[in-house]
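In: What follows is a predicted protein model with its sequence.
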Amino acid sequence: MKRFIGFIKKEFYHIFRDRRSLFILFGMPIAQILLFGFAITNEINNVDIAILDNSKDATTEEIINKIAASKYFSIKQIVTREADIASVFEKGHVKAVLKFEKDFSKNLIKDHKATIQIITDATDPNTANTITNYVNAILQHYQKELNKDINIAYQIIPQTRMVYNPELKSVYMFVPGVMTIILMLVSAMMTSISITREKELGTMEILLVSPLKPFQVIIGKVIPYIFLSIINAIVIVMLSIFIFNMPVQGSLFLLGLESVLFIITSLALGILISTISATQQTAMMISLMGLMLPVILLSGFIFPISSMPMPLQIISHIIPAKWFIIILKAIMLKGVGLEFIWKETLILLGMTVFFIALSVKKYKIRLE
Amino acid sequence: MSTSKVIQVEGLTKMFGDFAAVDAISFEVEKGEIFGFLGANGAGKTTAMKMLIGISNPTSGKATVAGFDVYTQAEDIKKNIGYMSQKFALYDDLTVKENITFFGGIYGLSRKRIKEKSDALIQELELENVASQLVGSLPLGWKQKLSFSVSLIHNPKIVFLDEPTGGVDPITRRQFWEMIYKAANQGTTVFVTTHYMDEAEYCDRVSIMVNGKIEALDTPKKLKDQFKADTMNDVFLKLARG
């Protein structure tokens, strides 16, 4: 046991004396969570739009005022000629142009029908979509006001209610994803690098010739990272609660346990990577390409799994991060207990056992 | 089995596929002896040594190290040997003292014993002024000497040195061999591989490996007589060229 403590102490010296790893360990989580929380968002705010009003009557003015009053849009430019629309987009600031037809008010009264054309810059399709939806919503709202006193015979009124994230805050979606990425990065990449570093330096050989058993060496290398990853998880949860007001509906204790499970899954992956790579460079490349990319693209963090093509959906099942994100969302947003996520937990546990078994086997082969 | 033989090897073989990296070698090493293990690059020296220190399993043959069997008692062997590899293998980002403490610790020395050892060692190597400096900042020669001392920290019966003086200046090499003599005088058996034929002259006995086989094994003097050569270098060239 005493040997072990000495070993772990040594490992902490390595970590705390290397600025680069310190930065990855503690700078990265904070930077990522703030970045995702503040900068990267699906919501739109103060999007610049332009107006081409061919009618210039009371109704169009009212609509334009309503749009200008919303916090989503700011009217950047008034266009007077149809031909100018292209050049407005080309400049790039304006993301949408609203075009009112001629005699808007008159048509509305006479034909009970008038049209607005919403032209959006679809180089960024997500934003274009969102803008269209928001404008539609404003128009519908206005229409309801117009028809206030009129009773239409058959009316279907949809009442939508968004549960678990009523304000559709994107930070609620990013926090579980970022937490997953960071735990994966710290646990898998950092351990695989630190193990291959010993291989590269030749110290691994010395350790293997010493009375320390190979599994003691590995566990000794891994324990500091378990500890640091737990601290990271706590920091991320605190940041999300106190800065982004992210709720944690479920039990913090369960959240902690599940996080530890996922940390161990990632560590097992890290050990596996270190057994198949000879240099720190390789270990880092495999970690980044083999772990980070799937986590970002296929885990459901950013792109919903249900809208992926079938083969990708199948691949997403074998990505541990997917299950952890499901678990995190369930605990943090839905506030459910283990009885609803035991299946996902079991899958993660199974994967962990599998990765550990595989790396033990690989490790032995290497010693032959 | 005589107790004065600390290494006994008989027909030891390591196959990689069809290729015999080590081809049925046999030899014995006496207690307190400095045994030179020579051979060109790729002759199988390192592979043979790895089998003896318990990190590679032999394909066939018999071997005991410090009285323990390499197949079944590798863990006991590890407690009784020291090892210094080709690559400098202390931690650059740990201080001299931290390195000594760490390696003392993994060999299970008590804290008190580590303290004593560490003080004695630092004094002996005249490293008092740099004891709290990172090892990475020391010159290579100092590092090698420190590395050797660290491999002896648990008073092993045998110390295995894999090309310990590679890339070191002649003066440091000289000092290094003085340390090897001192260890041998204190009863530690030294098993050393080297490229430098002048170093071979310092050994009590040398073996020369060619293509996985031991082609010659005797004292340097007798080998020179046998091959009618003036220096070990000539002996080696005659053997290696076949």
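Out: That came through fine.

In: which SS class is A:Ile119?
Out: Classification of A:Ile119 by DSSP: H, G, I helix; E, B strand; the rest coil places it in strand.

In: these two touch, right, it and A:Lys99?
Out: Yes. Counting by CB atoms under 8 Å, A:Ile119 does reach A:Lys99; the two are 6.5 Å apart. For glycine as for every other residue, the C-beta is placed from the backbone atoms N, C-alpha and C.

In: what is in contact with these two at once?
Out: A:Ile85 (CB atoms under 8 Å, 6 or more residues apart in numbering or on different chains).

In: Tell me which stretches of chain B form strands.
Out: Taking DSSP state E as the test, the strands found in chain B are B:5-16, B:19-30, B:34-39, B:60-65, B:68-69, B:81-84, B:158-162, B:189-194, B:205-210, B:213-218.

In: now those as JSON lines including mean neighbour count?
Out: What follows is the strands of chain B, written out as JSON lines (neighbours: other CB atoms under 10 Å in any protein chain shown):
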{"stretch": "strand B:5-16", "mean neighbour count": "18"}
{"stretch": "strand B:19-30", "mean neighbour count": "18"}
{"stretch": "strand B:34-39", "mean neighbour count": "25"}
{"stretch": "strand B:60-65", "mean neighbour count": "19"}
{"stretch": "strand B:68-69", "mean neighbour count": "16"}
{"stretch": "strand B:81-84", "mean neighbour count": "26"}
{"stretch": "strand B:158-162", "mean neighbour count": "24"}
{"stretch": "strand B:189-194", "mean neighbour count": "24"}
{"stretch": "strand B:205-210", "mean neighbour count": "22"}
{"stretch": "strand B:213-218", "mean neighbour count": "18"}
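
In: Make TSV out of these and add distance to A:Glu62 and mean pLDDT.
Out: As requested, those are exported to TSV (distance: least, CB to CB, whole Å; pLDDT from 0 to 100):
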stretch	distance to A:Glu62	mean pLDDT
strand B:5-16	85	94
strand B:19-30	89	93
strand B:34-39	95	92
strand B:60-65	95	94
strand B:68-69	95	94
strand B:81-84	87	94
strand B:158-162	88	94
strand B:189-194	92	94
strand B:205-210	97	92
strand B:213-218	100	92
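
In: Quick one: closest of those to chain A.
Out: Among these, the nearest to chain A by CB to the nearest CB is strand B:81-84 (4.3 Å).

In: got the contact list for that closest one?
Out: Under the contact criterion CB under 8 Å, 6+ apart, strand B:81-84 has outside partners A:205-206, A:209, B:53, B:65-66, B:147-148, B:151-154, B:156-162, B:164, B:188.

In: average pLDDT for stretch A:142-162?
Out: The pLDDT scores in stretch A:142-162 average 77.

In: how near is the nearest residue to A:Ser299 once chain neighbours are set aside to A:Ala233?
Out: Sequence neighbours aside, A:Ala321 is the residue nearest to A:Ser299 in space, at 4.0 Å (criterion: CB to CB, 6 or more residues apart in numbering or on different chains). Plainly put, A:Ala321 is 14 Å away from A:Ala233 if you go by CB to CB, to the nearest Å.

In: Who has more neighbours out of these two?
Out: More crowded of A:Ala321 and A:Ala233, by other CB atoms under 10 Å in any protein chain shown: A:Ala321, with 27 against 22.

In: from what I can see the more buried one touches A:Ile302, true?
Out: No. Contact between A:Ala321 and A:Ile302 fails when scored by CB under 8 Å: they sit 11.7 Å apart.

In: Surely A:Phe16 and A:Phe23 touch.
Out: No. With contact defined as CB under 8 Å, A:Phe16 does not count as touching A:Phe23 (11.8 Å).

In: Shouldn't A:Lys76 be within a strand?
Out: Yes. Read with three-state DSSP, A:Lys76 is one of the residues of a strand.

In: can you count the residues close to it?
Out: 16.

In: so what's it up against?
Out: By CB under 8 Å, 6+ apart, the neighbours of A:Lys76 are A:Asp48, A:Ile49, A:Ala50, A:His93, A:Val94.

In: Okay, now the unreliable bits of the chain?
Out: Assuming you mean chain A. A:39-43, A:152, A:168, A:364-368 (pLDDT under 70).

In: if you could check chain B rather than the one you did, that'd help
Out: For chain B (pLDDT under 70), the answer is B:1-3, B:242.

In: Around the one residue in the stretch 101-250 of chain A that gets nearest to chain B, count how many other residues there are.
Out: For the stretch 101-250 of chain A, the residue closest to chain B is A:Gly202, as judged by CB to the nearest CB, at 3.2 Å. Using other CB under 10 Å, A:Gly202 has 15 neighbouring residues.

In: So what's the residue count around the closest residue to it other than its chain neighbours?
Out: Once flanking residues are discounted, A:Gly202 sits nearest to B:Lys87: 3.2 Å by CB to CB, 6+ apart. For B:Lys87, the neighbour count with other CB under 10 Å is 15.

In: Leaving out sequence neighbours, find the closest residue to B:Thr219.
Out: B:Arg205 is the one closest to B:Thr219 (CB to CB, 6+ apart), at 5.3 Å.

In: correction: A:Thr265
Out: With CB to CB, 6+ apart, the residue lying closest to A:Thr265 is A:Thr352, at 4.4 Å.

In: That neighbour - that's part of a helix, no?
Out: Yes. Assessed by three-state DSSP, A:Thr352 belongs to a helix.

In: so it makes contact with A:Val260?
Out: No. The criterion here is CB under 8 Å, and A:Thr352 misses it with A:Val260 at 10.8 Å.

In: neighbour-wise, which of those two wins?
Out: In this view A:Thr352 and A:Val260 are compared by other CB under 10 Å, and A:Thr352 has more residues nearby, 20 against 15.

In: mind checking how far that one is from chain B?
Out: The gap separating A:Thr352 from chain B is 28 Å, by CB to the nearest CB, to the nearest Å.

In: what about that residue, distance to A:Arg20?
Out: 28 Å.

In: Report how many residues lie close to A:Met308.
Out: 16.
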